[in-house]
Structures are given as structure tokens and as C-alpha cells.
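Give me a 3D structure for the following:
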Amino acid sequence: MFLKEGEMEKRKLLLPGLGLMAALSSTLGFTRTNRKISPLPSLPVLYAGTWKYRDPERNRHHRLTISPNLTLKIDHQSIPVNVEKITLQELTFVDRFGYRITIETDQHRPVKLIDEADDQIYDLQPLS
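Purely as a prediction, here's the structure:
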């Protein structure tokens, strides 16, 4: 099958145009593939809840509560703090003396409490 000279020129111009259209359509989201993106949890909600931890030095159990608006209570007592940092991995508070209280997550729930003032790391357990 032989093409006439004019038809060959049209095909040469058409082929690069098709590639450009395909690239633009995939860039702009016109592809047929449905991508499922799991939404990130709202960070304050990830940390909100009540946990227990044990202080082995004093042989005491404590209760830690973080509200959805990121207020902090330990053993039902409000601790005046400011939020220094919040990510999917950690929430860091600074108390009025400048010490950090850091809550680390496993990206699903808080799992560790790091108390800079006492230089201690505590494992957090859900309060049941």
C-alpha cells in the first residue's frame, strides 16, 4: 500500500500531535485509570484520646489525655503547653518551663511519650 505524497505529510504532522495529546490528557487527569488515594487523618484527631503509661522509677500508672484541640492532661490535671510541632509521626508540646513533651505514633495511634523534663520515654497503651 503506497501513500500519496500529501497523505504522507499529513501523517507525519499527525503522529507528534497524538503523543502530545496523550501526555496532556494523562497530566490533566483524563486517564481511564482510577487511582485510589487513602486520605490522611486529620492530625489532631490522630492524637486525640486517652492512654495509660507506667512510670517504673516511681512505680506509678498515669493517664494521658489529648483533646481534639490539642490540650493536654496528665492524671486529669491540665498541663499548660504550646504545640511546637505536629506531623504524622510526632506531636511536640513545650511546657511553661521550656521542656518538651513529645508523643510519637506508629502512624495509626500514639505509642510513646517522651518527657524531656524527667528524661524518660514511656510506652503508651490505649485506656480500655
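
residue ranges with poor pLDDT in the protein?
Residues of the chain that meet the criterion pLDDT under 70 lie in 1-41, 128.

Name the residues of stretch 105-118 that are buried.
Buried positions in stretch 105-118, judged by neighbour count with 16 or more other CB atoms under 10 Å: Thr105, Pro110, Leu113, Ile114, Asp115. C-beta: built from backbone N, CA, C; applies to glycine.

Now do that stretch: everything it contacts.
Contact with stretch 105-118 is made by 46-47, 49, 51, 53, 64, 66, 88-91, 95, 97, 99-104, 120-124, 126, as judged by CB atoms under 8 Å, 6 or more residues apart in numbering.

Filter the residues you listed down to the buried ones and express that as a PyMOL selection.
Remark: buried members of the contacts of stretch 105-118, expressed as a PyMOL selection using 16+ other CB under 10 Å:
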select buried, resi 46+47+49+51+53+64+66+91+95+101+102+103+104+122+124
